[in-house]
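Undergrad: quick one: sequence and predicted model below, then my questions.
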Amino acid sequence: KRPAGAPDKALAKPVTKVGVIGAGLMASQFALLFVRRLRVPVVITDLDQARVDKGLSYIRDEITALKDKGRIGSDEANRLSALVSGTTDKADFADADWVIEAVFEELGVKQDVFADVEKYVSDTAVLATNTSSLSVEQIGAKLAHPERLVGFHFFNPVAVMPLIEVVNTPATDEATLSTAMVTAAKLRKNAVITRDTPGFVVNRILAKLLGEAMHAVDTGTPFEVVDNALKPFGLPMTPFELLELVGLKVGAHVLDTHHSAFPDRFFESPNLHKLAEHGKIFDRDAKGAIKGFDKTAVKIV
Ligand code: 3HC
């Protein structure tokens, strides 16, 4: 068993090509970060070309936005754009030495995704999952080489939030952990190594806050009252704003995971699932600024 403490940096493997599975908003955000900070080819993949194209256009728009803000020059913007590609064919992962997924938060789906990816990548490639709260060890249950799987959990918005949780499973070997820590440093993030427990560290605590806020609403306190009560507390967002930011479906999933693991400590919220189906809690203007609570959302609860 590896001794506690930081893994030996000398064991870190070079990352010369990145594969990203899933081209949704979270995956597209960190794909951009990988290309910007590591300056290596990044290939994104998803179930169909339409999803891949959506992810690619998000990344290209963000590169243009960085250029327009003067953060990068035109040459750099062109270089970064040229390093990003998309495909539905995982054969393109053959020479990737770091593959990270952010697909739908369902254990079986993630297990199958990794079992499939292992057919294409080399035996030494590191596999990483951005899961919010599922067990990383269980995600790797179908892998031939579970020692190369690590949790690598980003926070939304990826460009701004400074943290990555590096989730160390009982199977993760030191070279994998070291590669994750060195990669996080290259991405200029603050990395912490966490145990493989539900919600790791941050989501465990956020689930308390968001779960209590939803429970207050579920048991009859109006949205506005909870929202206004929490506004002056110095949080960058109220719990409902945060729920919308992370995605109502993801938020509901995180709460469910915590309720299943610790039923006496975390609430489940059927209303949050209904809100997730509805799609939003707030009405916003064309620029995305909050105008007020969505009337239908308020009636759902
Ligand atoms: N993508 C990229 N950049 C973004 C962004 C986004 N979605 N949202 C904001 N930014 C950037 C802005 O461009 C701006 O950058 P600049 O200074 O270079 O122009 C900078 O962030 C600050 O933005 P604003 O001035 O517009 O806004 P605020 O000062 O109000 O900050 C915020 C916005 C950073 C999102 C802040 O409200 C915040 O920290 N909110 C809490 C976010 C949080 O807790 N995230 C964790 C969620 S949990 C999670 O993701 C885990 C998952 O598993 C559930």
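TA: Thanks, I have it.
Undergrad: any idea of the pLDDT on Ala4?
TA: On pLDDT, Ala4 comes in at 65.
Undergrad: now do Ala286
TA: pLDDT at Ala286 comes out at 95.
Undergrad: what do you get for Ser133?
TA: At Ser133, pLDDT is 88.
Undergrad: start at 36, not 1
TA: Happy to do that; since the first residue is 36 now, the last one works out to Ser168.
Undergrad: dump the residue contacts of it.
TA: When contacts are counted by C-beta atoms under 8 Å, 6 or more residues apart in numbering, Ser168 touches 140, 233-235, 238, 242, 288-289, 292-293. C-beta: built from backbone N, CA, C; applies to glycine.
Undergrad: so which of those reach the ligand?
TA: Taking C-beta under 6 Å from any ligand atom as the test, the ligand is in contact with 238, 289 out of these.
Undergrad: of the contacts of Ser168, which belong to helices?
TA: If you go by DSSP state H, these have 238, 242, 288-289, 292-293 in helices.
Undergrad: export these to JSON lines and tack on distance to Ile325?
TA: What follows is the ones in helices among the contacts of Ser168, written out as JSON lines (distance: C-beta to C-beta, whole Å):
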{"residue": "Asn238", "distance to Ile325": "24"}
{"residue": "Ala242", "distance to Ile325": "23"}
{"residue": "His288", "distance to Ile325": "24"}
{"residue": "Val289", "distance to Ile325": "22"}
{"residue": "Thr292", "distance to Ile325": "28"}
{"residue": "His293", "distance to Ile325": "27"}
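Undergrad: okay, these in JSON lines with distance to Leu178, neighbour count and pLDDT next?
TA: Converted to JSON lines, the ones in helices among the contacts of Ser168 look like this (distance: C-beta to C-beta, whole Å; neighbours: other C-beta atoms under 10 Å; pLDDT from 0 to 100):
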{"residue": "Asn238", "distance to Leu178": "23", "neighbour count": "24", "pLDDT": "96"}
{"residue": "Ala242", "distance to Leu178": "27", "neighbour count": "26", "pLDDT": "96"}
{"residue": "His288", "distance to Leu178": "23", "neighbour count": "22", "pLDDT": "94"}
{"residue": "Val289", "distance to Leu178": "24", "neighbour count": "27", "pLDDT": "95"}
{"residue": "Thr292", "distance to Leu178": "21", "neighbour count": "23", "pLDDT": "95"}
{"residue": "His293", "distance to Leu178": "25", "neighbour count": "24", "pLDDT": "96"}
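Undergrad: tell me the SS of Gly327?
TA: strand (DSSP: H, G, I helix; E, B strand; the rest coil).
Undergrad: quick check on the nearest residue to it once chain neighbours are set aside: phi, psi?
TA: In space, and not counting its chain neighbours, Gly327 is closest to Asp318: 5.5 Å by C-beta to C-beta, 6 or more residues apart in numbering. Dihedral pair for Asp318: phi -90, psi 140, per degrees, to the nearest 10.
Undergrad: and Asp318, what is it in contact with?
TA: Asp318 sits next to 325-330 when contact means C-beta under 8 Å, 6+ apart.
Undergrad: of those, grab the buried ones for PyMOL.
TA: Buried members of the contacts of Asp318, defined by 16 or more other C-beta atoms under 10 Å, are picked up in PyMOL with:
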select buried, resi 328+329
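Undergrad: near the ligand, anything from stretch 105-123?
TA: No: Stretch 105-123 lies out of reach of the ligand by C-beta under 6 Å from any ligand atom, never closer than 7.3 Å.
Undergrad: buried ones in that stretch?
TA: Result for stretch 105-123 [16+ other C-beta under 10 Å]: buried residues 107, 112, 115-116, 118-119, 121.
Undergrad: closest one of those to the ligand?
TA: Ile107 (12.1 Å; C-beta to the nearest ligand atom).
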